[in-house]
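Q: sharing a model prediction with you, sequence too.
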Amino acid sequence: MKIVFLGTPDFAVPSLELINQKFDLVAVITAPDKKGGRGHVWIESPVKKWSLLHDKKLLQPKNLKSKKFLNELEQLSADVFVVVAFRMLPKEVWNMPKLGTINLHGSLLPKYRGAAPIQRAILNGEKITGLTTFLLKEEIDTGDILLQKKITIEQDENFGSLYERMKHIGSHLLIETLNILQEKIITPIKQVNELATPAPKISTQDLKINWNQPVENIYNQIRAFSPFPGAWTSHENKVYKIFSGKKILSLPDESPGSWVIENRKSLKIACQDGYIEVTSIQPPSKKCMNISDFLNGFQI
């Protein structure tokens with residue numbers, strides 16, 4: 001089975017690797033290089049780096065509707081396109097292969113349709129999430145479901161660790177999907193739109209901690225945005241990012257948002273019904289550090 005793969009970030013690389021091992025990978029499509037970093041150097045996507053290392057045909061179209069790009073795709077004569085963490089495709093692209101275009105999504109659709117399903121699941125305190133392979137259609141994340149895999153979210157798990165687990169589990173789910181698609185022993189299942197929930201892109205406001213809410217909510221918020229981009233709070237007109245902490249379920253004497261520092265060994269921040277005991281924090285213009293290092297240099 002001839003496959004064209006479309007993806008950009010490191011989340012897509014394990015899937016790309018397995019597809020290359022088990023199928024005929026005829027081309028890889030990824031985002032154009034972009035400038036970034038302090039030196040404004042050109043940055044290649046993880047998918048591009050993998051493709052160059054493995055000497056795969058690589059396309060980086062700026063315009064997915066251009067005649068030149070569409071002609072190149074047609075000439076590849078792929079049986080199926082596979083999408084993992086790529087931008088929205090026009091119908092001219094996803095409708096091209098005879099077996100359709102398969103997308104891997106980081107939730108149990110129709111729950112958490114959108115750009116940030118992993119973060120939103122943790123943010124909302126979910127205990128179970130999962131991965132879905134589905135056939136693309138015009139409305140984003142609404143296509144017919146092929147396979148799903150449930151995943152338990154551990155109590156203290158953050159976005160980084162769940163992301164790492166899901167990108168590898170997802171790669172195996174994709175291979176299973178492609179195998180049964182090739183053997184024509186799969187019946188796509190329509191999504192129940194009434195059960196759909198959104199997972200919109202993360203905003204700056206999502207990252208700001210409101211201490212006047214339950215400690216459980218704040219704890220989930222810290223986990224959802226660790227190790228990137230980091231939930232933040234302000235103290236004495238300075239912005240701090242908090243990357244990990246512990247829940248203390250005891251009614252505080254202080255007002256929400258108050259810092260309680262004990263013997264330069266611990267920092268607790270009061271919430272509505274308890275405290276977050278901060279274990280790692282990033283001060284302004286510095287790197288993330290453990291709380292003891294931070295308190296040693298903090299002006300109390």
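A: Structure's in. What do you need?
Q: so residue 248 sits right up against residue 273, yeah?
A: No. Between residue 248 and residue 273 there is no contact, the gap being 10.0 Å when judged by Cβ atoms under 8 Å. C-beta: built from backbone N, CA, C; applies to glycine.
Q: which residues do these two both contact?
A: Shared contacts of residue 248 and residue 273 (Cβ atoms under 8 Å, 6 or more residues apart in numbering): residue 215.
Q: what's the first helix or strand after the lowest-mean-pLDDT helix or strand in the chain?
A: Ranking every helix and strand in the chain by mean pLDDT, DSSP states H and E puts strand 34-36 at the bottom, with a mean of 84. Once the chain leaves strand 34-36, the next helix or strand it forms, by DSSP states H and E, is strand 41-43.
Q: direction included, what does that next one pair against?
A: Here strand 41-43 is paired, per DSSP bridges, with strand 34-36 (antiparallel).
Q: touching the strand it pairs with from outside, list them.
A: Outside strand 34-36, the residues that reach it (Cβ under 8 Å, 6+ apart) are 41-43.
Q: can we see that at 10 Å?
A: By Cβ atoms under 10 Å, 6 or more residues apart in numbering, the surrounding residues in contact with strand 34-36 are 40-45.
Q: farthest pair in those residues?
A: Between all members of those, the longest pairwise span (Cβ to Cβ) is found for 40 and 45 and amounts to 16.9 Å.
Q: more crowded one of the two?
A: Taking other Cβ atoms under 10 Å, residue 40 and residue 45 do not tie; residue 45 has more neighbours (21 against 9).
Q: ok, back up a step: tell me the one among the contacts of strand 34-36 nearest to residue 223.
A: Within those, proximity to residue 223 (Cβ to Cβ) peaks at residue 45, which comes in at 26.8 Å.
Q: that closest one contacts residue 7, doesn't it?
A: Yes. Using Cβ atoms under 10 Å, residue 45 is in contact with residue 7, at 8.2 Å.
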